[in-house]
Every structure is written in C-alpha cells, then in structure tokens.
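J.: 3D, please:
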Amino acid sequence: MRQDWLEEGKARFAIANAFYRSTSQVGRDLAILAAALYRRQNSHLRVIDAMTGCGVRSLRYHLEAGADWVWANEGNPELQTLLSENLRQGMTPGTYRITHQDANQLFFSCAQQQDYYDLIDIDSFGSPAPFVSSALWAIKFGGLLYLTSTDGRTTGGHAVDKSIQLYGACARSHPAVHEQGLRLLMGCAAQKAAERGFHIEPVFSIFNGVIHRVMVRVLPRVASTEHYGFLAYCYGCGQFRTAAWRQLGQLGCEVCETASVVSGPMWLGPLHNVDDLSEMAELAAQWQWPQSIQRLLAVMLQEAAMPPYYYLLAEIGRRGKMDVPARERLIKGICDRSYRATRTHLDTQAIKTDAPLKVCLEIARGLRVS
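T.: From the prediction side, this is the model:
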C-alpha cells in the first residue's frame, strides 16, 4: 500500500515525479463549482483535461462536479503509470480515457470526429495562447474554456515583443498588471473566438499571487468589439483610462497632458459574471466549503463590474505624500462621494474604483486630518 497519497477535495492521489502545486487549489476549487453548476443546468458534463499532470483535476471533475466522461491527456508518457493508478482510485472504467498527445492534435482530432466537449481545461506552463484556437474547434456552444498563464513577466509588461507574439497585444508595465494578465487572456480568447464568428463571455477570473486563470463561456453569435480595447496609464499623475480602437490617437492624459503608456488590445468588460458567481457562492455554502472560498467569492462579486484597473494603496500614499487611511475607511470615503469603490482579490493592498485618482487623493487627505 502506498504511503504518499495526498487529498484535495474528494480526490485522493499520488504525485511522484508529476508537477503539483498545492497553492493553486483555489483555481481548481472555482472550476469545480462552475463545472458542477453546468452539470446541473445541462444534465451532462464531458471534460477534456488537456494537460492533466497527476490527474487531480480529472478526479475532482468526476467526483465533485459529476462529470460523465473525462479525457485525461498528459503530454509526458512517463506519467502513464502514475496517472492510471490515480484515476483508477476514484473513477470507474468507462468514465475516463488517458492519452499522451500534443493538446492541439487532441483538439483537432475531436473536431474531425465531431466529438465536442462541455469543458476544456488548459492548465499550461507559460501562455495558453498556442492552444486557444484549436480548443475552440473541440468545444460545444455554451461550453466552458478554462485557461492558465504562468508567465507574469510577459503579461506584466517586461517582454513586449513576446506579448505581441503570443497575444497580439502590447503589454506595458503599470501598477495594475495583475489584472492586465487576466484581461490579456480573455482578450486572446475573445479575438480567437471572433475569428470563428463566436463570442465569449467571462465566467470568472482568478489571480492567486502567481498564476492567472480565466474561465470563459463560448457562445455561437457574432462577436462584438464593445469590450475589446486598450488601457492607458499616465506615469505623470497615475490616472488610468480606457480607449476603443477609434480613440487611439487621443490617448494623451486628460489630467496632466503627459504621454501615456498604452496596453492592449485586451478585454475591458466585466471581470466575472455576477450570476455565475452568485450561484457558485450558494453552492460553496451548500457544500460547506471553507469560509476562505466564500469570502473570496464575495470579493469577486464586488469587483465584477468595476473598471479594468485598480489603485495600490502604496501608490496613493506615494503620490499624496502621506500615510494612507485604512483600506475600508478609504473605500467608505469614496462611496460617500457617490463613486463606486471595492476591495479586489487581485491585491489585498489595493482598491478598485471609478473615482479619478485625483479624487482618491483628496479623500485620503481629508480622512487623514479628520
């Protein structure tokens, strides 16, 4: 009997020489909630776990989300014995398949056989961009596409040439790059879907301090450019602003007339779907999941429809040359001025608000002397 078994959710598995990051569990937890809701609403759930590793995601999709069928694909054939043993622990024959193919080949093979899936999970190293187009050939309309990026250097504006190569977008450095990583992923999915005449909408997005993950729903209608544009940041005054394609020639800072750095194109629409998050929160409570997940979902609900950037408290303090009031006090002060302001899961020392930074500085100063 092996002694090196681990547990996550209802899954029991070994990792041996496979890659497994326990700190990424939150991203898997949210995916299970979304998948379980899809299963309830559609009475079926067929999953491709395209880069399955040790198989923990495949197990959890079956055991917790109720997946009828899971295709567990792992590019490294040396993990075949480990993966087979892990899946055999929690899944019965006829509910899964194990292969060792290139993910793109797998997706195109599914398309050729008209074998379409409800959820495709691409947990890649680096960027998922090379797999998005082919995954869209294998997904059902209304299905869920889950993407991962571990390349914060590129999405954070430190490798502009690479961001253009991977995302067809210029990623520049600014204080809200954690959110930029999520929006570049969604923008990539939106652009690739538009090539096929499809449309995507977000289900949720999560940044765990290292890894960006976004889940989107693929829909069979003509794509709109409404939420696909650019984000400008002024190093002079710290103000952000968004711009559509036709506004690119007018992107000087509206506050101090300093030239702005421009990132994009990227997704500028909602970061999450409020209805999906509400149902996920209800399910997490029903399952009596840890309070940490329920608190996270509550914060995500608050930030869902806020502008596509955030302000660091340290940045407010630096620009205002002051000690910043407590975050909750600052949020209340901004809301008292009839603006919106919330916490954000992207950084515990930041706020999201539609108030101009100049107004945030005025309010912070007022709170310091009151």
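J.: Now do the contacts for M186.
T.: Residues in contact with M186 (C-beta atoms under 8 Å, 6 or more residues apart in numbering) are 200, 202, 205, 214, 216, 266-267. Every C-beta, even on glycine, is put in place using the N, C-alpha and C of the backbone.
J.: so after the host helix or strand of Q165, what's the next helix or strand?
T.: Using DSSP states H and E, the element containing Q165 is helix 160-167. Using DSSP H and E, the helix or strand that follows helix 160-167 in sequence is helix 177-195.
J.: That following helix to helix 160-167, inter-axis angle?
T.: 40 degrees (axes from the mean of the first three to the mean of the last three C-alpha atoms, to 10 degrees).
J.: how about the helix holding Q165: buried residues?
T.: By 16 or more other C-beta atoms under 10 Å, the buried positions in helix 160-167 come out as 162-163, 166-167.
J.: now the residues you listed in a markdown table, with pLDDT and distance to H174?
T.: As requested, the buried residues of helix 160-167 are exported to a markdown table (pLDDT from 0 to 100; distance: C-beta to C-beta, whole Å):
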| residue | pLDDT | distance to H174 |
| --- | --- | --- |
| K162 | 95 | 17 |
| S163 | 95 | 13 |
| L166 | 95 | 19 |
| Y167 | 95 | 16 |
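J.: could I get those residues as TSV with distance to E254?
T.: Listed next are the buried residues of helix 160-167 as TSV, based on distance: C-beta to C-beta, whole Å:
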residue	distance to E254
K162	31
S163	26
L166	31
Y167	27
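J.: ok, of the contacts of M186, which one's closest to L30?
T.: S205 (9.5 Å; C-beta to C-beta).
J.: three-state assignment of that closest one?
T.: strand (DSSP: H, G, I helix; E, B strand; the rest coil).
J.: Could you count how many residues lie near it?
T.: Counted with other C-beta atoms under 10 Å, the neighbours of S205 add up to 27.
J.: contacting residues around it?
T.: Contacts for S205 (C-beta under 8 Å, 6+ apart) come out as 182, 185-186, 212-215, 271-272.
J.: Then V255?
T.: 234, 236-237, 239, 356, 358.
J.: So which of those wins on neighbours?
T.: Most surrounded of the contacts of V255: other C-beta under 10 Å gives C234, at 22 neighbours.
J.: Please name the nearest non-neighbouring residue to it.
T.: C253 (3.8 Å; C-beta to C-beta, 6 or more residues apart in numbering).
J.: shouldn't that neighbour be in contact with S260?
T.: Yes - the pair C253 / S260 is scored as a contact, 5.3 Å apart, by C-beta atoms under 8 Å.
J.: which neighbours do these two share?
T.: Shared contacts of C253 and S260, defined by C-beta under 8 Å, 6+ apart, comprise 232, 234, 241.
J.: what about Q191, distance to L106?
T.: In this view, Q191 and L106 are 22 Å apart by C-beta to C-beta, to the nearest Å.
J.: and what of D151?
T.: 22 Å.
J.: What's the mean pLDDT across stretch 80-96?
T.: What stretch 80-96 shows for mean pLDDT is 96.
J.: in that stretch, what's buried?
T.: 82-83, 86-87, 90-91, 96.
J.: a markdown table for these, including secondary structure and distance to R365?
T.: A markdown table is the format used below for the buried residues of stretch 80-96 (DSSP: H, G, I helix; E, B strand; the rest coil; distance: C-beta to C-beta, whole Å):
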| residue | secondary structure | distance to R365 |
| --- | --- | --- |
| L82 | helix | 58 |
| L83 | helix | 58 |
| N86 | helix | 57 |
| L87 | helix | 59 |
| G90 | helix | 57 |
| M91 | coil | 59 |
| Y96 | strand | 60 |
